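# what's the 3D shape of this:
(one chain, ligands or ions: 3)
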Amino acid sequence: MRTRAAVLREMGRAGPYADTHPLSVEEVDLDPPGPGEVLVRNAAAGLCHSDLSVVDGARPRPMPMVLGHEAAGIVEEVGAGVTLVRPGDHVVYSFVPMCGACVPCQSGRVVLCEAGAAANARGELLGGGRRLSADGAPLNHHLGVSGFAERSVVSAASLVPVGDTIPLAKAALFGCALATGVGSIVNTAGVRPGESVAVFGLGGVGLSAVMGAVLAGASTVVAVDAVPAKLELATQAGARHTVLAGEHTVEQVRDLTGGGVDWAVECVGSAAVLAQAYASARRGGAAVAVGLPHPSQVLEIPAVSLVAEEKRIIGSYMGSAVPRRDVPRMIAAYEAGRLPVDLLDSGSLELDEVNVGLDRLASGAAVRQILRLSVD
Ligand SMILES: NC(=O)c1ccc[n+]([C@@H]2O[C@H](COP(=O)([O-])OP(=O)(O)OC[C@H]3O[C@@H](n4cnc5c(N)ncnc54)[C@H](O)[C@@H]3O)[C@@H](O)[C@H]2O)c1
Ligand SMILES: [Zn+2]
Ligand SMILES: [Zn+2]
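Ligands and ions are numbered 1, 2, ... in the order given. Next up is the predicted model:
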């Protein structure tokens, strides 16, 4: 079948993207779902910095590629052997497909799935190959999802069934921003009531981390960003203190928390900011690395502090989530009024406006912009 999709053919094109159009919205071909695969009619997709990082080349991926990895939709057709979902079911995508058979999957760390990471790196679905093409030439899948499209064919291993109580435009955000941000707090860090948390970078991921820290009962949440409007949103999300990023960020965080925080969470994607987060953690505290810096960036920290101050640095991919456990739980917390997810909403866009949306994300003006796709 034919579907409209946002295709990236070349990384690293300079902005403003509204003028240079790195993403071209066009009709492409979509093969039917093979065994173990599912055709989804997409309702909405969020613009995440990880999409922008493919556009600007900070996170290199095979070209050409249909972008988008944070999305939700309605199952339209299932391939042979699929029992997880039926046509009409509402689903959120997981941007790591889980094979269930590798060592990380077997030990419950499904977002570290080896087959899933390998398929994502190749731009293929978990079962191998690509279902998207233009003029007979294959198009790569972004993280097994390619959600900037009216329809997607994905492995069933990339899906989380979510029920129909939450609007799909809201549900989409749980696949990346919420899973990653809240998960970094409750899964990776395991923040306990009374502990202190600083969050560096207040985009969709960082604001979700702030919400997660409040949900987990942190005594003090310090929110740091370079854009004042983001600090206001963090206050609304429950942060007790805010710090405008600048020369004295580390001293300010340490002063506000009596010598440093238990957990300092980096949600920018900068090794320099990760070093600040590490320096803001108290003796015995930890930095949690969530942002994805360009592969060339190297972290410099005083090595001895790992030992003499028992400090730690922990990586957090997709919030160390078990997506089929955590996404429904987080949606339930939202529906119970315990996660103010509406604060992430920076308005919606048509698929044709995706390049304008990239500019707003790059400038720091927007949190999550939601592309409206093919379900009303
Ligand atoms: N670990 C994961 O699984 C995972 C998942 C999704 C996104 N990410 C990564 O997380 C990062 C954040 O994603 P996002 O979509 O929230 O991005 P975003 O662009 O919406 O937010 C980043 C924020 O950082 C702020 N910022 C920039 N420089 C800063 C500085 N020096 N100090 C403090 N704040 C600063 C910006 O103003 C902005 O508010 C990106 O690197 C993204 O690729 C990681
Ligand atoms: Zn993302
Ligand atoms: Zn696996």
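# Quick check: the gap between the spatially closest residue to residue 187 that is not a sequence neighbour and residue 184.
Nearest non-adjacent residue to residue 187, counting by CB to CB, 6 or more residues apart in numbering: residue 320, 4.0 Å away. (C-beta placed from N, C-alpha, C; glycine too.) Distance, residue 320 to residue 184, using CB to CB, to the nearest Å: 7 Å.
# ok, now residue 266?
9 Å.
# quick one, which of the two is more surrounded?
residue 184 (34 against 31; other CB atoms under 10 Å).
# Quick check, the more buried one in contact with residue 213.
No - judged on CB atoms under 8 Å, residue 184 makes no contact with residue 213 at a distance of 9.4 Å.
# burial of the residue nearest to residue 187, as a residue count?
Residues near residue 320, counting by other CB under 10 Å: 24.
# Torsion angles phi and psi at it?
phi 50, psi 40 (degrees, to the nearest 10).
# Spit out the contact partners of residue 3.
27, 28, 30, 149, 150, 151 (CB atoms under 8 Å, 6 or more residues apart in numbering).
# ah, wrong one, I meant residue 300
271, 275.
# and if you look at the one 10 residues further on?
Neighbour list for residue 310: 283, 284 [criterion: CB under 8 Å, 6+ apart].
# Then the one 4 residues further on?
The neighbourhood of residue 314, defined by CB under 8 Å, 6+ apart, consists of 188, 189, 286, 287, 288, 289.
# Domain map for this structure?
Listed by automatic domain parsing, the domain ranges of the chain are 2-175+340-372, 178-317.
# returning to that earlier point: any common contacting residues for residue 266 and residue 184?
288, 290.
# Would you mind listing what in this protein touches ligand 3?
Contact residues of the chain with respect to ligand 3, defined by CB under 5 Å from the ion, are listed as 99, 102, 105, 113.
# Burial check on the last one, number of neighbours?
Here the count is done by other CB under 10 Å, and residue 113 has 24 residues near it.
# Quick check: beta-bridge partners of residue 75?
Beta-bridge pairing for residue 75 (DSSP bridges): residue 40.
# Let me know the pLDDT of the residue in the stretch 151-300 of the chain positioned nearest to ligand 2.
With CB to the ion as the measure, residue 176 is the residue of the stretch 151-300 of the chain nearest to ligand 2, at 3.3 Å. What the model reports for residue 176 is a pLDDT of 98.
# what sits against it?
46, 48, 50, 69, 70, 95, 204, 205, 318.
# mind putting those in a markdown table, pLDDT, secondary structure and neighbour count included?
Putting these into a markdown table (pLDDT from 0 to 100; DSSP: H, G, I helix; E, B strand; the rest coil; neighbours: other CB atoms under 10 Å) gives the following:
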| residue | pLDDT | secondary structure | neighbour count |
| --- | --- | --- | --- |
| 46 | 98 | strand | 30 |
| 48 | 98 | coil | 24 |
| 50 | 97 | helix | 21 |
| 69 | 98 | coil | 26 |
| 70 | 98 | coil | 31 |
| 95 | 98 | coil | 26 |
| 204 | 98 | helix | 29 |
| 205 | 98 | helix | 33 |
| 318 | 98 | helix | 24 |
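# got the residues you listed as TSV, with distance to residue 375 columns?
Converted to TSV, the contacts of residue 176 look like this (distance: CB to CB, whole Å):
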residue	distance to residue 375
46	15
48	20
50	24
69	18
70	16
95	20
204	21
205	25
318	25
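# Among the residues you listed, find me the one that's closest to ligand 3.
Using CB to the ion, these come closest to ligand 3 at residue 318, 13.3 Å.
# Hmm, that closest one is touching residue 181, no?
No - between residue 318 and residue 181 there is no contact under CB under 8 Å: 10.3 Å.
# residue in the stretch 151-300 of the chain nearest to ligand 1?
Residue nearest to ligand 1 within the stretch 151-300 of the chain: residue 203 (2.0 Å; CB to the nearest ligand atom).
# So which residues on the stretch 201-350 of the chain come close to ligand 1?
By the rule CB under 6 Å from any ligand atom, the part of the stretch 201-350 of the chain lying against ligand 1 is 201-206, 224-227, 230, 245, 267-269, 273, 290-292, 316-318.
# among those, which are in strands?
224, 225 (DSSP state E).
# on that earlier part again, now render the contacts of residue 314 as JSON lines, adding pLDDT and neighbour count.
Output for the contacts of residue 314, formatted as JSON lines (pLDDT from 0 to 100; neighbours: other CB atoms under 10 Å):
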{"residue": "188", "pLDDT": "98", "neighbour count": "23"}
{"residue": "189", "pLDDT": "98", "neighbour count": "26"}
{"residue": "286", "pLDDT": "98", "neighbour count": "21"}
{"residue": "287", "pLDDT": "98", "neighbour count": "28"}
{"residue": "288", "pLDDT": "99", "neighbour count": "27"}
{"residue": "289", "pLDDT": "99", "neighbour count": "25"}
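# can you tell if stretch 96-111 touches ligand 2?
No - with CB under 5 Å from the ion as the criterion, ligand 2 is not reached by stretch 96-111; the gap is at least 11.1 Å.
# Could you give the average pLDDT over that stretch?
According to the model, stretch 96-111 has a mean pLDDT of 98.
# measure it end to end?
6 Å (CA to CA, to the nearest Å).
# Can you name the residues of the stretch 151-300 of the chain that neighbour ligand 2?
Residues of the stretch 151-300 of the chain lying near ligand 2 (CB under 5 Å from the ion): residue 176.
# Show the residue spans covered by the strands in the stretch 151-300 of the chain.
151-155, 159-161, 196-200, 220-225, 241-244, 261-266, 281-289 (DSSP state E, counting those that start in this stretch).
# What helices and strands are in contact with the fifth one?
Applying 3 or more CB pairs under 8 Å, 6 or more residues apart in numbering; DSSP states H and E, one finds that strand 241-244 makes contact with strand 220-225, helix 228-236, helix 249-256.
# and the last one, average pLDDT?
The predicted model assigns helix 249-256 a mean pLDDT of 98.
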